[in-house]
Each structure stands twice: as C-alpha cells, then as structure tokens.
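Novice: Dropping a prediction and its sequence here:
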Amino acid sequence: MKRERFDKMNVVPFIDIVLVLLVIVLATATFVTNKAIKVDLPVASSIAAEDRKNIVITIDAEGKYFYNKENISIEEVRNRLSKLDSKKDAISLHTDKKANFEYFVSVIDFMKERGFENISIVTK
C-alpha cells in the first residue's frame, strides 16, 4: 500500500467552523446587556467635586415647568440652561402625555440652539 504525500491542506471545514462561530457570537452579542456592577465605594478624605450635573426638567399636564422639582417659568428654565455646560451636563426631560407638544418643543428647541449633547427623554 502506497502512502500519498501530504501537499495540500483542505481549509474549507475550518472556514465553515469559523463562520458558524462568528454567527453565534454576533447573535448572542445582541442579547447581552450592560449591567452595572454595584460597588460600595470607599470614602476619601479629599473629595473632589464632580463637574458634571444631572438636571431633570419636568413638564406637567397643565404646562408648568419644573427644574429639579422646583416650579419655574420657561424663561427661568432657559436662563438656567444657558448657564450649564452643553458638552458635559446631562439633562433628563420628563413630559406628561397630556401636556401640549408645544411645551416640549420649546425646551428641546432651546437645548438644540445651545448645542446640548446629553439629553434624555424619559418615557414609561
């Protein structure tokens, strides 16, 4: 019995396996959620203040504006928003579903003019 020389390697099965693994990884990657790890951080003696602010603007059904739970006018909302850093500060906008769309648009339009980047529109 004569042995054949091993000149070539068949890579087709290898490519099939790699493609199947790629499909599995891509399919499972969409189901993975980023969960925050809860850590109790130690307290340091020299605490540095964080520059980033998280602002909550709420519009109720009657069209009243609230800035961090403080009832203020739309002019005062605009005044306070203009004092914030549009690149760093995060703003969450809560709007009652019965409120006129005009109230929502007036806040969003002002934030768009100022170039705010971290805006969250909160829904149920």
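Specialist: That came in fine, so what should we check first?
Novice: Tell me how many other residues crowd residue 81.
Specialist: 20 (other C-beta atoms under 10 Å). For glycine as for every other residue, the C-beta is placed from the backbone atoms N, C-alpha and C.
Novice: And residue 13, by the same measure?
Specialist: As a burial measure, residue 13 scores 8 neighbours (other C-beta under 10 Å).
Novice: Next one: it from residue 20, what distance?
Specialist: Distance of residue 13 to residue 20, given as C-beta to C-beta, to the nearest Å: 11 Å.
Novice: any chance you could map the strands in the chain?
Specialist: 54-59, 65-67, 70-72, 90-95, 118-122 (DSSP state E).
Novice: what packs against the second one?
Specialist: Here strand 65-67 is seen to pack against strand 54-59, strand 70-72, helix 74-82 when contacts are counted using 3 or more C-beta pairs under 8 Å, 6 or more residues apart in numbering; DSSP states H and E.
Novice: cool, and the fourth one?
Specialist: Using 3+ C-beta pairs under 8 Å, 6+ apart as the contact test, the elements touching strand 90-95 are strand 54-59, helix 101-114, strand 118-122.
Novice: For residue 7, find the nearest of these.
Specialist: strand 118-122 (61.0 Å; C-beta to C-beta).
Novice: quick one: that closest one to strand 54-59, angle?
Specialist: 40 degrees (axes from the mean of the first three to the mean of the last three C-alpha atoms, to 10 degrees).
Novice: Who are the contact partners of residue 58?
Specialist: 65, 66, 69, 93, 94, 95 (C-beta atoms under 8 Å, 6 or more residues apart in numbering).
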